[in-house]
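Novice: Just a sequence and a predicted model for now, questions to come.
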2 protein chains.
Amino acid sequence: MENAADLEQAQMNNTTMFSEQNLNAIKSIMSVTDFKKDSNIYWEGDPSDKLYYLIKGRVKLYKSAYDGKDLVLHYFTPNDLFGELACFGFEEYSFTAHAVTNCTIGVVAERDLEALLLPNSSLSFEFMKWIGLMSKYTQIKLRDLLFYGKNGALASTLLRMAHGYGKKEADGIHYSINLTNSDLAQLIGSTRETVNRMLQAWKNDGAINYYHGSIVIKDVDYIKAICHCEDKCPMNICRL
Amino acid sequence: MENAADLEQAQMNNTTMFSEQNLNAIKSIMSVTDFKKDSNIYWEGDPSDKLYYLIKGRVKLYKSAYDGKDLVLHYFTPNDLFGELACFGFEEYSFTAHAVTNCTIGVVAERDLEALLLPNSSLSFEFMKWIGLMSKYTQIKLRDLLFYGKNGALASTLLRMAHGYGKKEADGIHYSINLTNSDLAQLIGSTRETVNRMLQAWKNDGAINYYHGSIVIKDVDYIKAICHCEDKCPMNICRL
DNA sequence: TAATATGTATGATTTTTGTCACACAAATCG
DNA sequence: CGATTTGTGTGACAAAAATCATACATATTA
């Protein structure tokens, strides 16, 4: 998060641990499907027998409470792999995957993947890393949401948004993604109003600003202080 | 959680997905070590190059905030496997593992395990399941701590404690583990006082009681209602 | 057994967060 | 283009949870 190069990199995907060869092997068993904006790719509770490789669009992974409140785990961008598989110990999907925009997605059936994995320990290892990485996302989320209150959770979210969606400009960090106050609230398990008040307070303190209706980070250190960010997290997990 | 058989089973371990043969293979490369009560087995931030197979004792996995507040992820009991490995995508331990009692632990070095895994896809698959299970623990924790407030988090903790540590008797469910109010507070990211007040309120409502200083669940449904438990979680993840 | 440490119980107060209500701005759509 | 939907900004209030303080009870150990 320190240097402009990090901020300007287009996207942070979760498939960096795959070798080109192995990634191609996975791609060879994918069947490409389109999903319309605002449709669900799978629901929490569905039998988990497919993985999804996002080719185009944006997907969010979330969990609903009984009263309709959603907690958004993360957003996926192109080249991200998501989903769960019974052969990885997940009988049913734990979350719901939702197409935020129109999406093009490569669908990998468990049966086909398993055939690929069995004789290929290199690929198996890379899949372990992928599961480990997904697990780490959740751990970090848990920490961010529980340790420093809603202010900390929001601050951390803004910082993580800067990776993949942030661009350092003369007046601060601009975002190429435009999340509403409600979107941010769902990411931290809070309410629109609370998010709005926190953002206004930070704006009054000069830490953030608005440009064409979207947030600009003026004082990164101010935001980092709120969630006690020490730039210690590996880059690949510091993302939405 | 419905029937006495579930409650009375001694322990719920996280290695059920390993075949006897594979578990023995893992055991064959372990070096058994003793850890004293109140010592740490590893610290958050240490390079993660060992797995641990708990033979005797109790271990807790936790994360510390800058102000010293701890969040306890879970407790391990004999036959549980814990730890992280760089070859599974974890460069450094994400949490600290602490010996709650004197422990006997089988230590598995990454190098040795990797040699075992490479030619053995059956074992590799079982390790994927293990990583997936550990990941699921974290997901469930996230849900429990965020969806239904501190009351929900505590209720869910008491219910999960009932597996592995609960015994159904005439007057309700007794626990064989004795966690203090502070211990419970660390499990839900709250304070001793808040936990105490919640327990007192439930006691006044007749949902719980005390017997020789430890909690007895009189009305499981009352507790389940608080965290909206629908008995849908797979048994192997409904644990501390 | 007295002294100390550990744990429980509870009141008073403050801080944090959520809820409800409403005004208004901006985007979308028939 | 006017109507409707969607999003923002805030005040007033309520609820949840943390903090501070204090009184006891129960273990532990010197």
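Specialist: Nice, I can see it.
Novice: in chain A, which ranges drop under the pLDDT threshold?
Specialist: The model of chain A has pLDDT under 70 over residues A:1-11.
Novice: per-domain residue ranges of it.
Specialist: A:4-144, A:149-237 (automatic domain parsing).
Novice: Show me the strands in chain A, by range?
Specialist: Taking DSSP state E as the criterion, chain A contains strands spanning A:30-35, A:40-42, A:49-56, A:59-64, A:70-76, A:81-85, A:96-99, A:103-109, A:166-169, A:172-175, A:208-211, A:214-217.
Novice: Need the residues that contact the second one.
Specialist: Residues lying outside strand A:40-42 but in contact with it, judged by CB atoms under 8 Å, 6 or more residues apart in numbering or on different chains, are A:35, A:48, A:50, A:52, A:59, A:83, A:93, A:96-99, A:103, A:105. All C-beta atoms are positioned from the backbone trio N, CA, C, and that covers glycine.
Novice: Throw the domains of chain A into JSON lines and include distance to B:Tyr222 and mean neighbour count, thanks.
Specialist: Converted to JSON lines, the domains of chain A look like this (distance: least, CB to CB, whole Å; neighbours: other CB atoms under 10 Å in any protein chain shown):
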{"stretch": "domain A:4-144", "distance to B:Tyr222": "17", "mean neighbour count": "18"}
{"stretch": "domain A:149-237", "distance to B:Tyr222": "25", "mean neighbour count": "17"}
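Novice: how near is A:Tyr165 to B:Asp171?
Specialist: As judged by CB to CB, to the nearest Å, A:Tyr165 and B:Asp171 stand 56 Å apart.
Novice: Could you see whether DNA strand D lies near the longest helix anywhere in chain A?
Specialist: Looking across chain A with DSSP state H, the single longest helix is helix A:121-147. No - judged by CB under 7 Å from any atom of the strand, helix A:121-147 makes no contact with DNA strand D; its nearest approach is 9.0 Å.
Novice: and that helix, does that touch DNA strand C?
Specialist: No - on the criterion CB under 7 Å from any atom of the strand, helix A:121-147 is out of touch with DNA strand C, staying 9.7 Å away.
Novice: ok, now how distant is the nearest residue to A:Lys56 once chain neighbours are set aside from B:Ala162?
Specialist: Once flanking residues are discounted, A:Lys56 sits nearest to A:Thr104: 4.0 Å by CB to CB, 6 or more residues apart in numbering or on different chains. Applying CB to CB, the value for A:Thr104 to B:Ala162 is 46 Å.
Novice: The residue of chain A most remote from its centre and B:Ser122, how far apart?
Specialist: In chain A, the residue that sits farthest from the middle, by CA atoms, centre = their mean, is A:Pro119; the gap is 31.1 Å. Distance, A:Pro119 to B:Ser122, using CB to CB: 12 Å.
Novice: same thing with A:Ser39?
Specialist: Going from A:Ser39 to B:Ser122 by CB to CB gives 38 Å.
Novice: Could you do A:Ile237 as well?
Specialist: Noted for A:Ile237: a distance of 30 Å to B:Ser122, by CB to CB.
Novice: how about the nearest residue to A:Cys229, chain neighbours excluded?
Specialist: Of all residues beyond its chain neighbours, the one nearest A:Cys229 is A:Leu159 (6.0 Å), with distances taken as CB to CB, 6+ apart.
Novice: Minimum distance to DNA strand C, which residue of chain A gives it?
Specialist: As assessed by CB to the nearest atom of the strand, DNA strand C sits closest to A:Gly149 within chain A, at 2.7 Å.
Novice: and that residue, how far is that from B:Arg192?
Specialist: For A:Gly149, the distance to B:Arg192 - CB to CB - is 19 Å.
Novice: List the contacts of the residue lying closest to A:Ala25 once chain neighbours are set aside.
Specialist: In space, and not counting its chain neighbours, A:Ala25 is closest to A:Leu116: 5.8 Å by CB to CB, 6+ apart. Neighbour list for A:Leu116: A:25-26, A:29, A:123 [criterion: CB under 8 Å, 6+ apart].
Novice: with those in mind, which one is nearest to DNA strand D?
Specialist: Looking across the contacts of A:Leu116 and measuring by CB to the nearest atom of the strand, the closest to DNA strand D is A:Ile26, at 34.3 Å.
Novice: partner residues bridging the residue nearest to that closest one when sequence neighbours are not counted?
Specialist: Closest residue to A:Ile26 apart from its sequence neighbours, by CB to CB, 6+ apart: A:Val108 at 6.3 Å. In this entry, A:Val108 is beta-bridged to A:Met30, A:Leu51, by DSSP bridges.
Novice: any idea how far DNA strand D is from A:Val108?
Specialist: 32 Å (CB to the nearest atom of the strand, to the nearest Å).
Novice: so how far is chain B from that residue?
Specialist: For A:Val108, the distance to chain B (CB to the nearest CB, to the nearest Å) stands at 15 Å.
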